[in-house]
Each structure stands twice: as structure tokens, then as C-alpha cells.
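S.K.: structural data only, the sequence is not supplied:
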């Protein structure tokens, strides 16, 4: 995945208005483990940011994970 790098030759992923680009080989390798999911989280404590999970992940419900 890239932040502020060239997007040439990368695959575009988009979900809920969030766009990211990923190297095709990395996407292929990660896809073997399951879906790639990117969430923007705002925890009760600490800074907000992105959480990237690959595979089934876990369902936190209402916890502050």
C-alpha cells in the first residue's frame, strides 16, 4: 500500500468513499488469507487512525479495541 507515492502500476481499492492503492503482488498474497479491510477508528483513548485487517478478523462490537 502507498501513502503519497506513485500510483502507477498499483490496483485501486475503494470502499465507503475511501480510496487506497495496493501493489498487485501484495494484494494477491494478502487475498490468499482473506478479505482486506481498512477501517478508520476513533478509540476512547489515543489518536484516531486506520486499522488494516486481513482475513476474517474479529468483531469487537462496542469494545474500545
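M.R.: Ah, there it is. These numbers were taken from a predicted model, which means no experiment stands behind them.
S.K.: so for stretch 11-25, what gets flagged as buried?
M.R.: Residues of stretch 11-25 classed as buried: 20, 21, 22 (neighbour count, 16 or more other CB atoms under 10 Å). The C-beta positions use only the backbone N, C-alpha and C, and glycine is treated the same way.
S.K.: which of the residues you listed sits closest to residue 49?
M.R.: Using CB to CB, residue 20 comes nearest to residue 49 of these, at 13.9 Å.
S.K.: let me know the helix or strand that the residue nearest the centre of the chain is in.
M.R.: Centroid-nearest residue in the chain: residue 38, 2.7 Å away (criterion: CA atoms, centre = their mean). Remark: residue 38 resides in strand 36-41, with elements defined by DSSP states H and E.
S.K.: for the residue nearest to residue 37 when sequence neighbours are not counted, give its distance to residue 7.
M.R.: Excluding the flanking residues, the one nearest residue 37 by CB to CB, 6 or more residues apart in numbering is residue 53, at 4.9 Å. To residue 7, residue 53 is 23 Å away according to CB to CB, to the nearest Å.
S.K.: about what we covered before: so which elements touch the helix or strand the residue nearest to residue 37 falls within?
M.R.: Element membership for residue 53 (DSSP H and E) is strand 49-54. Packing partners of strand 49-54 (3 or more CB pairs under 8 Å, 6 or more residues apart in numbering; DSSP states H and E): strand 36-41.
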